[in-house]
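K.L.:
Model the structure of this input:
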Amino acid sequence: MRLEGQVAIVTGGGGGIGKATCLAFAREGADIVIPEVNMANAEAAAAEIMALGRKCQVIETDVSDGNSVCKMIQETLDLFGRIDILVNNAGIFSYTPIEACTEAEWDRMMAVNLKGPFLCSQAVMETMKVQRSGRIINLGSLAGQVGGLVASAPYSASKAGVMCLTKSLALALGEYGITVNSIAPGVAATEMTKNHPDMIDRIPLGRVADASEVATTILFLASEDGRYVTGATLDVNGGIRMA
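P.N.:
Sure thing, here's the model as predicted:
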């Protein structure tokens with residue numbers, strides 16, 4: 001198993017890509033921590049993880065709040081004694097057009113989608129430095145590369161920021177044996193494709209991604225297979241960016 005004996009934090013791991021990532025990691029031998037705001041979803045995901053024979057701890061966490069993040073990291077260390085992998089998956093989405101976007105919506109999008117990964121990475125880096133190893137994987141987006149499609153301006157801007165943050169972290173942490181990468185999913189099987197079925201026609205592979213297909217890319221970056229990859233953003237979009 002590729003992650004045997006490792007401890008992984010997957011923010012927002014109660015559903016979608018986050019849950020699929022938790023399950024992929026657990027099948028490869030990792031114990032899981034799920035920081036979440038939706039506790040019902042997180043507990044349901046935890047039950048599936050524990051059914052695979054792995055440990056799983058759910059911690060109510062607001063990734064946009066530094067105190068909440070630091071408390072989550074400390075609780076993880078108290079429980080498991082180490083942190084090998086951080087997946088900054090938690091995020092929020094909107095369709096709001098630019099002219100209708102409020103300052104409050106902009107601030108909230110940046111707080112969760114961009115400040116959250118910064119705070120979580122900052123909080124975990126000292127532990128990983130001491131260990132002289134670690135993997136940080138951030139969730140970017142096709143929207144952050146092309147400026148939208150159907151996503152709102154603040155969402156696209158926040159994800160562009162995440163992918164730039166990835167490079168900054170990779171440069172700062174490489175000497176400690178810590179790799180930092182991001183992935184840029186395209187169109188996944190979510191409400192977005194139900195509302196915009198025309199998007200499928202723009203994908204060369206002719207279908208949307210399943211969350212598990214995104215999770216296997218994250219697993220690659222988290223494992224020893226991806227040990228020489230850092231500062232990169234991997235596209236998982238079925239070729240839509242070429243179309």
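K.L.:
which helix of the chain spans the most residues?
P.N.:
Identified as the longest helix of the chain according to DSSP state H is helix 153-173.
K.L.:
first vs last residue of stretch 12-21, how far apart are they?
P.N.:
10 Å (C-alpha to C-alpha, to the nearest Å).
K.L.:
and what of stretch 139-149?
P.N.:
Span of stretch 139-149 from end to end, C-alpha to C-alpha: 17 Å.
K.L.:
Ramachandran angles for the residue nearest in space to the middle of the chain?
P.N.:
Closest residue to the average C-alpha location of the chain: Asn89 at 2.3 Å, with C-alpha atoms, centre = their mean. The phi/psi pair for Asn89 (degrees, to the nearest 10) reads phi -100, psi -30.
K.L.:
Identify the residue spatially nearest to it, adjacent ones excluded.
P.N.:
For Asn89, ignoring the flanking residues on the chain, the nearest one in space by C-beta to C-beta, 6 or more residues apart in numbering is Gly18 at 4.1 Å. The way it works is simple: take the backbone N, C-alpha and C, and place the C-beta from them, glycine included.
K.L.:
One more: Pro35?
P.N.:
In space, Pro35 is closest to Thr61, 3.4 Å off (C-beta to C-beta, 6+ apart).
K.L.:
Tell me the backbone dihedrals of that neighbour, please.
P.N.:
With angles defined as degrees, to the nearest 10, Thr61 sits at phi -150, psi 140.
K.L.:
can you check Tyr95 too?
P.N.:
Dihedral angles (degrees, to the nearest 10) for Tyr95: phi -100, psi 0.
K.L.:
circling back to that earlier point, residues in contact with the residue nearest to the centre of the chain?
P.N.:
Residues near Asn89 by C-beta atoms under 8 Å, 6 or more residues apart in numbering: Val10, Thr11, Gly12, Gly13, Ile17, Gly18, Thr21, Leu139.
K.L.:
For Gly116, state which of the residues you listed is nearest.
P.N.:
The closest of the contacts of Asn89 to Gly116 turns out to be Thr11 (C-beta to C-beta; 7.0 Å).
K.L.:
re the thing from before, how much distance is there from the longest helix of the chain to the middle of the chain?
P.N.:
When distances are taken as C-alpha atoms, centre = their mean, to the nearest Å, helix 153-173 is centred 12 Å away from the chain's centroid.
K.L.:
If you average the pLDDT over the top strand by length along the chain, what comes out?
P.N.:
Across the chain, the longest stretch assigned as strand under DSSP state E is strand 178-185. For strand 178-185, mean pLDDT rounds to 98.
K.L.:
Also stretch 48-57?
P.N.:
Mean predicted confidence for stretch 48-57 is 99.
K.L.:
With stretch 145-159 instead?
P.N.:
Here the average pLDDT along stretch 145-159 is 85.
K.L.:
ok, residues contacting it?
P.N.:
Contacts for stretch 145-159 (C-beta under 8 Å, 6+ apart): 91-98, 101, 105-106, 109-110, 113-114, 139-144, 160, 163, 184, 192, 195-196, 199, 233, 235, 241.
K.L.:
mind running it again at 6 Å?
P.N.:
Applying C-beta atoms under 6 Å, 6 or more residues apart in numbering, the contact partners of stretch 145-159 are 93-96, 98, 106, 109-110, 113-114, 140-141, 143-144, 184, 196.
K.L.:
where's the residue nearest to the centre of the chain relative to Glu4, distance?
P.N.:
According to C-beta to C-beta, to the nearest Å, Asn89 and Glu4 sit 22 Å apart.
K.L.:
quick one: Thr96 from Asp65, how far?
P.N.:
23 Å.
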